[in-house]
Structures are given as C-alpha cells and as structure tokens.
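Asker: Pasting the sequence and the predicted model now:
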Amino acid sequence: MPLLVKNIEGLKPQHQEELPLFEKTYIPPSFGNHLVSRVYADGSLYYLSHSGENTCLNDPDEKWNYISSVSEKGVLGIRAIFDKCSNLPIAASASANASGTVIWKIPCKGQILKIILYGIPEGDLRIFNEIDLLVNTNIQPIPHG
C-alpha cells in the first residue's frame with residue numbers, strides 16, 4: 001500500500017494524527033526538489049520544505065509549513081470529487097513527461113490510492129485539474145498582524 005510522507009514536523013497537533021484529504025507530490029521533468037503539498041479536512045494547506053539540495057522525501061531536516069487554508073466551499077468541492085474515489089482511474093496518464101510527474105495519494109475506504117500522472121491530465125484524469133483549481137481559487141488570505 002502506498003504511504004504518505006511520514007514526517008509530521010511542523011504540522012499542527014490536530015493534523016499529526018489525522019489523514020489529509022490528499023497529498024500531492026510534483027516531480028520536475030529534469031532536476032530539482034520534489035514539491036509536496038497536503039490539504040486537510042479543515043482546509044489547512046501545507047507544503048513540505050526541503051533542506052539544501054536534498055530531494056529525498058522523508059529527510060529528517062524537512063518540515064511541513066502551514067501556508068493558508070482552503071475555504072469550506074473549496075473543501076466541499078474536493079470532497080465531492082473524492083466521494084467518487086472508488087471510481088477514480090488508477091492508471092497513469094500516458095502523455096509526455098515534459099511537464100513533470102504528479103503523484104496523488106488519496107486516503108479512501110481504509111486505503112491510500114496512488115494515482116501517477118505524467119504530463120497534463122487527459123480524459124477522466126482531468127478531475128485532478130479540477131482539484132487544483134478548487135485549491136487555487138479558494139485559498140483564504142492570511143491576515144497580517
């Protein structure tokens with residue numbers, strides 16, 4: 001069974017024991033750090049920071065950084081898509097790797113589904129573009145104090 005990133009450093013206490021709605025890893029097409037993000041049921045959005053040039057996931061020097069929250073509307077939209085998780089395509093997208101690779105890990109019915117997308121999602125896999133859009137258009141501004 002695919003595993004989520006084990007590191008919980010930097011997560012709020014309530015998220016250290018909770019499964020996220022999803023964990024997404026972007027792998028650049030040639031070189032660079034893997035970019036890992038998570039969204040939790042309360043909308044909390046985190047990115048995993050890397051130390052230096054290390055691109056290895058589960059490095060002890062990595063930590064999660066709280067970025068912002070996705071609005072309730074965005075979380076409800078994501079949940080509506082994931083409610084169909086038993087129907088999610090497991091097969092990887094077949095398009096070219098010019099845009100890199102994205103690995104989605106989605107807790108669903110006691111398992112973690114792993115969907116690997118190469119390039120731009122096509123066909124049924126376009127639902128992952130919808131999830132990205134829901135996150136990006138429903139991010140709450142962080143109050144400056």
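Answerer: Nice, thanks for sending it over. Numbering: from 1, shown residues only.

Asker: Give me the spatial nearest neighbour of Pro28, chain neighbours excluded.
Answerer: Gly100 (4.9 Å; C-beta to C-beta, 6 or more residues apart in numbering). All C-beta spots, glycine's among them, are computed from the backbone N, C-alpha and C.

Asker: now do Phe22
Answerer: Spatial nearest neighbour of Phe22, chain neighbours left out: Ile106 (4.9 Å); criterion: C-beta to C-beta, 6+ apart.

Asker: quick one: the one you found is in a helix?
Answerer: No: the assignment for Ile106, made by DSSP: H, G, I helix; E, B strand; the rest coil, is strand rather than a helix.

Asker: That one reaches Ile127, doesn't it?
Answerer: No: using C-beta atoms under 8 Å, Ile106 makes no contact with Ile127, being 11.0 Å away.

Asker: Same drill for these two, tell me which one is more crowded.
Answerer: Ile106 (22 against 18; other C-beta atoms under 10 Å).
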